[in-house]
Structure formats: structure tokens, C-alpha cells
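A.B. asks: Sequence and predicted structure, then a few things I'm wondering about:
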Amino acid sequence: MTSAPSDPAAFLRQLFQAGLDAVSADTILPRLLTPEALPRPKGRTLVIAAGKGAAAMAAVAERAWGEAPQSDGPLSGLAVTRYHHGQELRRITLVEAAHPTPDAAGMKAAAQALDLAAALTPDDLLLCLLSGGGSALMVAPAPGVTLADKQALTKALLRSGAAIGEINTVRKHLSRFKGGRLAAVSRAPVVTLAVSDVPGDDPGTIASGPTVPDATTLADARAVLARHGIEPGPSIRAALDDPANETPKPGSLPHARYTLAATPIQALEAAAQVARAAGVTPLVLGDDLEGEAAEVAKVHAGIARGCLRHGQPLPRPCVLLSGGETSVTVRGQGRGGRNAEFLLALAVALKGDPVWALACDTDGIDGTEDNAGALLTPDTLARAQALGIDAAAHLANNDGYGFFQALGDLVVTGPTRTNVNDFRALYIP
């Protein structure tokens, strides 16, 4: 058997990169966009791409049509992605907008997308390429709701610790784009290829499901706000009380077809394969873990200690892999996304045990910072103490970014142009 990795940090980065490669647009989309897999329409094809992977997905679509016979018809469209996540496109217009709090650029793009889709005929095709982040990037407020209203509500939901499914339940009932409404305006067949960034891979939650019927209700949206103690303003309250803002329900939208092109488990399985090749036994704890980042970290620490002390559930060397989307109820004033929070809480829980760990967001951005995540080493706490840095105090202040930045242990990848949520790996040599 191959000997265990001699450089644990490099090994963890290798696992992360394997996961990213497995869910990149260049890996997942070509086979789904051939003329055999996706017959070309008599008329034209309109691409609407939304999310952090929108530009990369649109580029693959352009290449697929460029390699097809000329009789396949023209291709055009609109791709909306986060600022600095774009790339050059030839036939599809690229727009960059704000995430996670929406802005005017995203609102203008959503209105344009709705107009383009409404102009299609039954001989055309609406091809939707969706990835995580699409909810914030395509913002079309319901009547009576302003962009400022939605910005304020988004910030309140993010700070509350609400799960992504809860946030998107509210978003769908305050939008003219989400919750099946994009598909509803199209007379053309709708084909959606999606990269899942949500626990459970629910199509209705990915980018708030603009092309699928929605099983949630206005009452559900109101309940989310009440559960998290968020008092909506008058316009939001009125919109959530208006039956006209109810979404298309299951059984509607028969002209829409949906395919999951990539999911979080694919990234974890790719990392597990690399680990096995390196002589390290992997265990995938799950691809849809949710909860407070600090609490999820405590559970991971307990499993890692079991491996260290008892060889259970795995003998050493082993690596624990997990995905999903944790949340952080913000109480402090520090900087840091959920992955930095997870790692800092893990460091505090492990207390210097010989465990190496990496936690990163697969889109390359942990929350609103410039890092994907961070790296934890067995001497993390000792190095912090030598610098006079109190790990527990940083955790209480939600300052995981500042903690790992001071140690030089941030992981910075830049935009990856994909997104299958969080990637966590704990290596026990």
C-alpha cells in the first residue's frame, strides 16, 4: 500500500482541488449539451445563466453550439454572475452583480431575462444554467417591494442564522423571477441544467428554483421571519399577505425539464478517490450537513478523536470528508465566513490534537471575504498563543478570518466559477 502523505497540508489542498475539478463546468456540461442529449430547436436557443458558475457554464454552452451543425439555430442569452467571477463570452451577454446582498445590476439583469424569456415562441428553447448564488444575483422584486427593501431583508436573514432553504422560501415569495416564475413566462420548452449548492439538492432551493414549481407557501415565508425574530417592514409584510405573490405549485410548468448536472457528493467522492490512491482511508460523513458552524465543528472533533484514540470509526491514517452548508448567527464584530468559523471552533475543540483540517467554500469565497477558507494544523493554537492571539475570544467575536490571517493559514483560490457548497476534510495521520 502507498505510504501516507508526507505533507498533510498539500494533501488536503489536493483533495480540495480534486473536488473542484469534478464539478467544474468543463467536466460536467459537455455530455449534457451534445445534440443527442439536448436536441436543437427549430428556432433559436436563449441561454439564461445565473449564479457563481454562470460565466463558465455559458462558455461551455457557446462551445457546444459552435461545434454543432449550423442548422442547429442561433444561440444568444444572458449570464449573470458575481462581481469578478466572469470570463469572456462571445454570444451570450455577461453581467456581473452583487452577492449575497442584491444590487441594481442584478435587478436590471433579472428584468431583461424575464423580457427575453417572454418573447420566445414554442419553436424556440429556453436553456437555463443555474448555480449557487443565483438567488441574490437575479432580483426582481414583487410589486410594491423595492430593491432597498430586499437588501435590508437579505441582510437580516443572513445575520439571523437562517438556513439557505428558509432564506430562499422568503425570497421566492417576494420575486417575479424565482419560484418557477421564469419558466411560467416562457412559451418555449425550458431545459434547466443545475449545479447544486444546497443540502439535499432540492431544485426548488437551487437559485430559488426559477424554473420549477414551488411547494412552499406565503405562510411558510411568514413563518421563517417569525421563527428568526425578523420584523418585516410594511411593504414586505403586505407582499407576503398578498395571494397574488403565491408561487406556481407542483403540477404546473409541464413544459419545463430539470437535470442536476453536479452535486456536492460528486466533489466529496472525487476527493475520497484521491485519498484512497494516497493510502488514506476516507469516510464521507455526509454531503448535506447543516447547523451552526461551531456546533458542527464540535461533532467533527468528536469523530476525529475517536479515530485518534480508538481507531473508530476508522483506523489511521484516515480522512473525514463532509459537505453541506452551515450557518453562523452573527453576534460579534469580526470578519469571517462559515468555513473560517468552523475551523476556529474545531481548533478550540481539538485543543492541539494531531489533526489537520481544511474547510473551504467551493466557490472560492467564504461568506463575503476574499478567501475560500482556511487550514488547521496540530500547532495552530500553540502558534496563536505565541503571537498573543486568543482563539476563544476570536471565536466569540466571529473573527475566524482575522485569526487565520494572522497565522498565514487562509486558503485563497480566487473565484472557482463553480459552487457545490462547503468542502471539509479532517486528516488524521
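C.D. replies: Alright, I've got the coordinates. Numbering: from 1, shown residues only.

A.B. asks: Quick one: mean pLDDT over stretch 214-228.
C.D. replies: The average of the pLDDT scores along stretch 214-228 is 96.

A.B. asks: same question, stretch 284-293
C.D. replies: 95.

A.B. asks: Okay, buried residues for that stretch please.
C.D. replies: Across stretch 284-293, burial judged by 16 or more other CB atoms under 10 Å covers 285, 287-290, 292-293. (Each C-beta comes from the backbone N, C-alpha and C, glycine too.)

A.B. asks: what's the answer for stretch 158-173, then?
C.D. replies: Neighbour count says stretch 158-173 has 158, 160-173 buried, by 16+ other CB under 10 Å.

A.B. asks: go on, stretch 98-114?
C.D. replies: 98-103, 105-107, 109-110, 113-114.

A.B. asks: of the buried residues of stretch 158-173, closest to Ser24?
C.D. replies: In terms of CB to CB, no member of the buried residues of stretch 158-173 lies closer to Ser24 than Ile164, at 22.0 Å.

A.B. asks: how near is that closest one to Ala64?
C.D. replies: 30 Å (CB to CB, to the nearest Å).

A.B. asks: Sitting in strands, which of the buried residues of stretch 158-173 do you find?
C.D. replies: Taking DSSP state E as the definition of strands, the buried residues of stretch 158-173 contribute nothing to them.

A.B. asks: now, among those, which is nearest to Gly367?
C.D. replies: Distance to Gly367 across the buried residues of stretch 158-173 (CB to CB) is lowest for Leu158, with 8.9 Å.

A.B. asks: Glu166 and Val23, how far apart?
C.D. replies: Taken as CB to CB, the span from Glu166 to Val23 is 25 Å.

A.B. asks: And for Gln273?
C.D. replies: Taking CB to CB, one finds Gln273 at 14 Å from Val23.

A.B. asks: Let's see which of the buried residues of stretch 158-173 end up in helices.
C.D. replies: 158, 160, 164-172 (DSSP state H).

A.B. asks: export those to CSV and tack on pLDDT?
C.D. replies: Shown next, in CSV, are these (pLDDT from 0 to 100):
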residue, pLDDT
Leu158, 86
Ser160, 90
Ile164, 83
Gly165, 87
Glu166, 94
Ile167, 92
Asn168, 90
Thr169, 94
Val170, 96
Arg171, 94
Lys172, 96
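
A.B. asks: Tell me the one among the residues you listed nearest to Ser322.
C.D. replies: Nearest member of those to Ser322, counting by CB to CB, is Ile164, at 16.2 Å.

A.B. asks: wait, doesn't Gly367 sit right on Phe342?
C.D. replies: No. Gly367 lies out of contact with Phe342 (CB atoms under 8 Å); the separation is 11.4 Å.

A.B. asks: Between those two, which is the more surrounded one?
C.D. replies: Applying other CB atoms under 10 Å to Gly367 and Phe342 shows that Phe342 carries more neighbours, namely 30 against 21.

A.B. asks: So the more buried one, which state does it fall into?
C.D. replies: Secondary structure for Phe342, judged by DSSP: H, G, I helix; E, B strand; the rest coil, is helix.

A.B. asks: cool, and Asp288?
C.D. replies: strand.

A.B. asks: from what I can see it touches Pro264, true?
C.D. replies: Yes. With contact defined as CB under 8 Å, Asp288 counts as touching Pro264 (7.2 Å).

A.B. asks: Quick check: neighbours shared by those two?
C.D. replies: By CB atoms under 8 Å, 6 or more residues apart in numbering, Asp288 and Pro264 have these common neighbours: 201, 323-324.

A.B. asks: Let's see stretch 409-417 as PDB, backbone CA atoms only.
C.D. replies: C-alpha atoms of stretch 409-417 as PDB (Å, rounded to 0.1, in the frame of the first residue of the first chain):
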ATOM      1  CA  ASP A 409      -3.300  30.000   7.100                       C
ATOM      2  CA  LEU A 410      -6.000  31.400   4.900                       C
ATOM      3  CA  VAL A 411      -6.700  29.400   1.700                       C
ATOM      4  CA  VAL A 412      -7.100  31.800  -1.200                       C
ATOM      5  CA  THR A 413      -8.100  30.400  -4.600                       C
ATOM      6  CA  GLY A 414      -9.900  33.300  -6.200                       C
ATOM      7  CA  PRO A 415     -13.200  32.600  -8.000                       C
ATOM      8  CA  THR A 416     -13.500  28.900  -8.900                       C
ATOM      9  CA  ARG A 417     -16.600  29.500 -11.200                       C
END
